[in-house]
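Trainee: sequence? don't have it. structure:
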Ligand SMILES: Nc1ncnc2c1ncn2[C@@H]1O[C@H](COP(=O)(O)OP(=O)(O)OP(=O)(O)O)[C@@H](O)[C@H]1O
Ligand SMILES: [Mg+2]
């Protein structure tokens, strides 16, 4: 039995130090500048990253202050992600997410345990968050699903100005349709479909009769509350009225969820998702007391809220010509993404496919390439940028499937035996190069 008192919803700026921050999202401090441990030389432009010799965009050092111009044309967000290793001519490799030649913003990161996926991911987030100036003044936002408390450490939180949200009394209401505009009827049915889908995929064993009960309960709950904003408790009450004392699986699942009070029990305490998602938000899925199923459920709820938020975004026009630049609104990060990809929730696929129109991308990290392809869903298609760390059993066919064509046996062997932080990098202007990715701890000079 879960003791709800064991965990609290904390929007925590303390970096996992155990000292809860203020229970409000509206007082987020700006990111603190982090001193770098050593000055860095300007990377040399490379074949893989064609640029005139006037390049001045590099790692975000104090000296360069994120100047992002190549010649005269603004470059948008573009930063160094790694350097070549070995005996050849040294090269630096860049990610250029603002460039519309990169058709999708989505990024795949793959690699065995401890190969540097999280360090690389944190470095990417760090570089994105320092690039507001190159993004029409907007700091790209991140919604981070943290399964292992990797993103709750003070050094990371302080360097990017993140908020950590623990799964208790999160100030959101799943049944809030304020972003649905005129389509309230369809949105209500959307909530029904979503709940049924989640219960079926995560918990299993939900039949047609129960699905119908749930539909009736949700629709009645919307009608029964004066403000049109029911909570899970209201849905549960309506469900109970339908089934009487014949308690069934959906009832007990919903009842457990309501008891956990993951979200605020009173609809009046909830805020719209667009206000909640105000910057870098880390959802601490590893918080004590929440089981695997609740974790997955929470993740899917957030995916749906994020998807709705995305669809409400204004599609900003591209600017410039060469390069043509997009505006980046936000990124979704799912580390340990196999936890959710295996369920084939359509919402994740839709975010991956449609995100580009809204300046939205997803970053999915997992141990094996096989995780990115389930029987029903091929998540690799909309992932156009890849960082492939050491994967012991990787095959040429798997690499081919993510766009690394014509990879010979020797390259496959090298991928299998790469050292920590080394990876095969691919993006629209880098066809697949071995490099040592720059880990977060080197960027911020910490431990
Ligand atoms: N401050 C630091 N100084 C030096 N090396 C570090 C530091 N922090 C992390 N590392 C290195 O980074 C490696 C782990 O990287 P990371 O946590 O990114 O791996 P991962 O691929 O995410 O692992 P997992 O699959 O377990 O999540 C460690 O093994 C360690 O070698
Ligand atoms: Mg990791």
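Mentor: Sure, I can see it. If you're wondering where the values come from, they're calculated on a predicted model, not measured in any experiment. Ligands and ions are numbered 1, 2, ... in the order given.

Trainee: Please identify the nearest residue in space to the residue in the stretch 251-400 of the chain positioned nearest to ligand 2, excluding sequence neighbours.
Mentor: Taking Cβ to the ion as the measure, the stretch 251-400 of the chain has residue 335 as its residue closest to ligand 2, at 5.7 Å. Yep, even glycine has a C-beta here, placed from its N, CA and C like the rest. Excluding its sequence neighbours, the residue lying closest to residue 335 (Cβ to Cβ, 6 or more residues apart in numbering) is residue 365, at 4.7 Å.

Trainee: Okay, now the sheet partners of the helix or strand that contains the one you found, with direction.
Mentor: Counting by DSSP states H and E, the element that carries residue 365 is strand 360-366. In the sheet containing strand 360-366, the strands it pairs with under DSSP bridges are strand 107-110 (parallel), strand 330-334 (parallel).

Trainee: And for the longest one, what's in contact with it?
Mentor: Outside strand 330-334, the residues that touch it by Cβ atoms under 8 Å, 6 or more residues apart in numbering are 105, 121, 125, 128, 140-145, 277, 299, 303, 306, 310, 340, 351, 359-365.

Trainee: Buried ones among the residues you listed?
Mentor: Restricting the contacts of strand 330-334 to buried positions leaves 105, 121, 125, 128, 140-145, 277, 299, 303, 306, 310, 340, 351, 359-365, with burial counted as 16 or more other Cβ atoms under 10 Å.

Trainee: wouldn't residue 170 be in contact with residue 260 here?
Mentor: No. Counting by Cβ atoms under 8 Å, residue 260 is not a contact partner of residue 170; they are 10.8 Å apart.

Trainee: Those two: who's more crowded?
Mentor: Between residue 170 and residue 260, counted using other Cβ atoms under 10 Å, residue 170 has the larger neighbour count: 22 against 19.

Trainee: helices or strands next to whatever helix or strand residue 191 lives in in the packing?
Mentor: Under the criterion of DSSP H and E, residue 191 resides in helix 184-198. The contact analysis (3 or more Cβ pairs under 8 Å, 6 or more residues apart in numbering; DSSP states H and E) places helix 184-198 against helix 208-224, helix 292-311.

Trainee: now, of those, which is deepest in the fold?
Mentor: Mean neighbour counts were compared across these using mean count of other Cβ atoms under 10 Å; the top stretch is helix 292-311, at a mean of 20.

Trainee: mean confidence for that helix?
Mentor: pLDDT averaged over helix 292-311 equals 90, rounded to a whole number.

Trainee: now it, how far from the chain's geometric center?
Mentor: Centroid separation between helix 292-311 and its chain, computed with Cα atoms, centre = their mean, to the nearest Å, is 11 Å.

Trainee: next one: stretch 132-145
Mentor: On the basis of Cα atoms, centre = their mean, the separation between the geometric centre of stretch 132-145 and that of its chain is 13 Å.

Trainee: quick one: contacts of that stretch?
Mentor: With Cβ under 8 Å, 6+ apart as the contact definition, stretch 132-145 has outside contacts at 66, 68, 74-78, 98, 125, 128-129, 131, 151, 160, 162, 277-283, 285, 299, 302, 306, 316, 327-335, 340.

Trainee: what do you get if the cut-off is 6 Å, keeping everything else the same?
Mentor: In this structure, residues lying in contact with stretch 132-145 by Cβ atoms under 6 Å, 6 or more residues apart in numbering are 68, 76-77, 125, 128-129, 151, 279-283, 285, 299, 306, 327-328, 330-334.

Trainee: same check, this time on stretch 212-224
Mentor: Contacts to stretch 212-224, defined as Cβ under 6 Å, 6+ apart, come from residues 188, 191, 192, 195, 196, 230, 234, 235, 238, 239, 242, 250.

Trainee: Narrow these to those that are buried.
Mentor: For the contacts of stretch 212-224, a neighbour count by 16+ other Cβ under 10 Å gives the buried set as 188, 191, 192, 195, 196, 230, 234, 235, 238, 239, 250.

Trainee: List just the nearest of the residues you listed to ligand 2.
Mentor: Among the buried ones among the contacts of stretch 212-224, residue 195 lies closest to ligand 2 (Cβ to the ion), at 31.1 Å.

Trainee: Just give the closest residue to the closest one, not the sequence neighbours.
Mentor: Nearest one to residue 195, counting by Cβ to Cβ, 6+ apart, is residue 214 at 6.0 Å.

Trainee: Residue 77: neighbour count?
Mentor: By the measure other Cβ under 10 Å, the count of residues near residue 77 is 25.

Trainee: quick one: it and ligand 2, what's the gap?
Mentor: Spatial separation of residue 77 from ligand 2 under the definition Cβ to the ion, to the nearest Å is 24 Å.

Trainee: show me the contacts for that residue.
Mentor: 97, 98, 131, 134, 135.

Trainee: Look up phi and psi at it.
Mentor: For residue 77, the backbone dihedrals (degrees, to the nearest 10) come out as phi -80, psi 120.

Trainee: Tell me, what's the model's pLDDT at residue 394?
Mentor: Here, the pLDDT recorded for residue 394 equals 95.

Trainee: how close does it sit to residue 418?
Mentor: The gap separating residue 394 from residue 418 is 10 Å, by Cβ to Cβ, to the nearest Å.

Trainee: Could you pull out the strands in the chain for me?
Mentor: Shown for the chain, the strands assigned by DSSP state E span residues 11-12, 69-70, 73-74, 79-83, 92-95, 107-110, 141-146, 162-165, 280-284, 330-334, 360-366, 385-388, 422-427, 430-437.

Trainee: Format those strands as a markdown table; extra columns: mean pLDDT.
Mentor: What follows is those, written out as a markdown table (pLDDT from 0 to 100):
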| stretch | mean pLDDT |
| --- | --- |
| strand 11-12 | 36 |
| strand 69-70 | 50 |
| strand 73-74 | 82 |
| strand 79-83 | 97 |
| strand 92-95 | 98 |
| strand 107-110 | 98 |
| strand 141-146 | 97 |
| strand 162-165 | 96 |
| strand 280-284 | 97 |
| strand 330-334 | 97 |
| strand 360-366 | 97 |
| strand 385-388 | 98 |
| strand 422-427 | 97 |
| strand 430-437 | 95 |
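
Trainee: Now render these as CSV, adding distance to residue 406.
Mentor: Supplementary listing: the strands of the chain in CSV, determined by distance: least, Cβ to Cβ, whole Å:
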stretch, distance to residue 406
strand 11-12, 48
strand 69-70, 29
strand 73-74, 32
strand 79-83, 22
strand 92-95, 19
strand 107-110, 19
strand 141-146, 34
strand 162-165, 40
strand 280-284, 38
strand 330-334, 30
strand 360-366, 24
strand 385-388, 15
strand 422-427, 12
strand 430-437, 9
